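In: fold the following and give me the result.
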Amino acid sequence: MLDLELLRSFVSVVDAGGFTRASERVHRTQSTVSQQIKRLEDDVGQPLLNRNGKDVTPTEAGERLLSYARRLLSLAEEARDVVARPESEGAVRLGIPEDFAAYRLAKLLATFARSRPGLRLDVRADQSTYLKRDIERGDLDLALLKRDAGGNGAIAVWPEKVHWVTSKTHPLNISAGSVPLIGFPSGCLYRSRAIHALESTGRSWHMAYTSSGLAGIQAAVAAGLGLSILSDIAIQPGHRVLTAKDGFAPIDKTEIALMASPDASPATLRLADRLAEFCDSVEAKAA
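Out: Model prediction:
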């Protein structure tokens, strides 16, 4: 059996690159950390660190052990957290936009729910207009929603890139006449943006396809039923992005906002941290 305290010191030495900084991290003296590494090397029967003055790097055996050590420590922390947690943590009512529900956010939420068996997660995918209304009147604990850029009252915000899109294989003649639009029902931010953009340039329009689900909108665009506005993560291979050269100027700025109720529970704030990490990763990939 490998001692977790020895593994913790080993990981700290590798991450810190030396014994002095590692001893500060694990709140042990430098000599104690050195002895712990020696004990661990005796347990596995191989040297784990290359010592070159103050610089320390893992040996080949140390590199192999390192990933296992991290996993064991993480699992131990998770087990301790689960056992110490109350049997019931109540419920977290979360609202998310439709396109985020269709993306890999579902996997994140499932992982979070499994890690907290005492928590009931109640997730609703809806238009941002309704999510904002419900978080303000206390019907939601946490909401990830889309809004005009520059709002306030959010835990965190991320700029959103949205585009005009049409079918890649079934292009439309949109140089003249009424522009066929595809979108969510009335109240959708994107729908309002599309209508405003067309009317500000004097172009006529009509709703060619209305769907309450993202999948229906994506399919209608790909089939060539009309144009729509979609975010980066919702654009599919069967779509073509329209630009100013096609006669469609960029859409006014929008943003993703993470909002929580004033009396948010610790579980709600923990989920908010996970959602913030998710949005940070999406933005980093889009950059």
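
In: domain ranges for the chain, per the record?
Out: Taking the TED database as the reference, the chain has its domains at 4-84, 91-286.

In: and the ones you listed as TSV, adding mean pLDDT and mean neighbour count?
Out: To be clear about C-beta, it is placed using only N, CA and C from the backbone, and glycine gets the same treatment. Shown next, in TSV, are those (pLDDT from 0 to 100; neighbours: other Cβ atoms under 10 Å):
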stretch	mean pLDDT	mean neighbour count
domain 4-84	87	15
domain 91-286	89	17
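
In: which stretches of the stretch 1-150 of the chain form helices?
Out: Using DSSP state H, counting those that start in this stretch, the helices found in the stretch 1-150 of the chain span residues 4-16, 19-26, 30-44, 60-84, 98-102, 105-115, 128-136.

In: so residue 242 makes contact with residue 227?
Out: Yes - counting by Cβ atoms under 8 Å, residue 227 is a contact partner of residue 242 at 7.1 Å.

In: quick one: contacts for the spatially closest residue to residue 49 that is not a sequence neighbour?
Out: Counting by Cβ to Cβ, 6 or more residues apart in numbering, residue 49 lies nearest to residue 56, which is 5.2 Å off, once chain neighbours are set aside. Taking Cβ atoms under 8 Å, 6 or more residues apart in numbering as the criterion, residue 56 is in contact with 13-14, 17-19, 49-50.

In: cool, residue 167 as well?
Out: Contacts for residue 167 (Cβ under 8 Å, 6+ apart) come out as 221-224, 238-240.

In: re earlier: out of the helices of the stretch 1-150 of the chain, which is closest to residue 200?
Out: Among those, the nearest to residue 200 by Cβ to Cβ is helix 128-136 (21.2 Å).

In: convert the C-alpha atoms of that closest one to PDB, please.
Out: The C-alpha coordinates for helix 128-136 follow below in PDB (Å, rounded to 0.1, in the frame of the first residue of the first chain):
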ATOM      1  CA  SER A 128     -32.600  33.500 -22.100                       C
ATOM      2  CA  THR A 129     -35.500  35.900 -21.700                       C
ATOM      3  CA  TYR A 130     -37.300  33.500 -19.500                       C
ATOM      4  CA  LEU A 131     -34.200  32.400 -17.600                       C
ATOM      5  CA  LYS A 132     -33.400  36.000 -16.700                       C
ATOM      6  CA  ARG A 133     -37.000  36.500 -15.500                       C
ATOM      7  CA  ASP A 134     -36.900  33.400 -13.400                       C
ATOM      8  CA  ILE A 135     -33.600  34.000 -11.700                       C
ATOM      9  CA  GLU A 136     -34.800  37.500 -10.800                       C
END
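
In: show me what that helix is in contact with.
Out: 95-97, 124, 140, 142-147, 187-189, 259-261.

In: can you do 7 Å?
Out: Helix 128-136 is contacted by residues 95, 97, 140, 143, 145-147, 187, 189, 259, 261 when judged by Cβ atoms under 7 Å, 6 or more residues apart in numbering.

In: A helix includes residue 263, no?
Out: No - the assignment for residue 263, made by DSSP: H, G, I helix; E, B strand; the rest coil, is coil rather than a helix.

In: adding distance to residue 107, write the contacts of helix 128-136 out as CSV.
Out: Output for the contacts of helix 128-136, formatted as CSV (distance: Cβ to Cβ, whole Å):
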residue, distance to residue 107
95, 18
97, 16
140, 21
143, 19
145, 20
146, 21
147, 25
187, 29
189, 25
259, 22
261, 25
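
In: all set, thanks.
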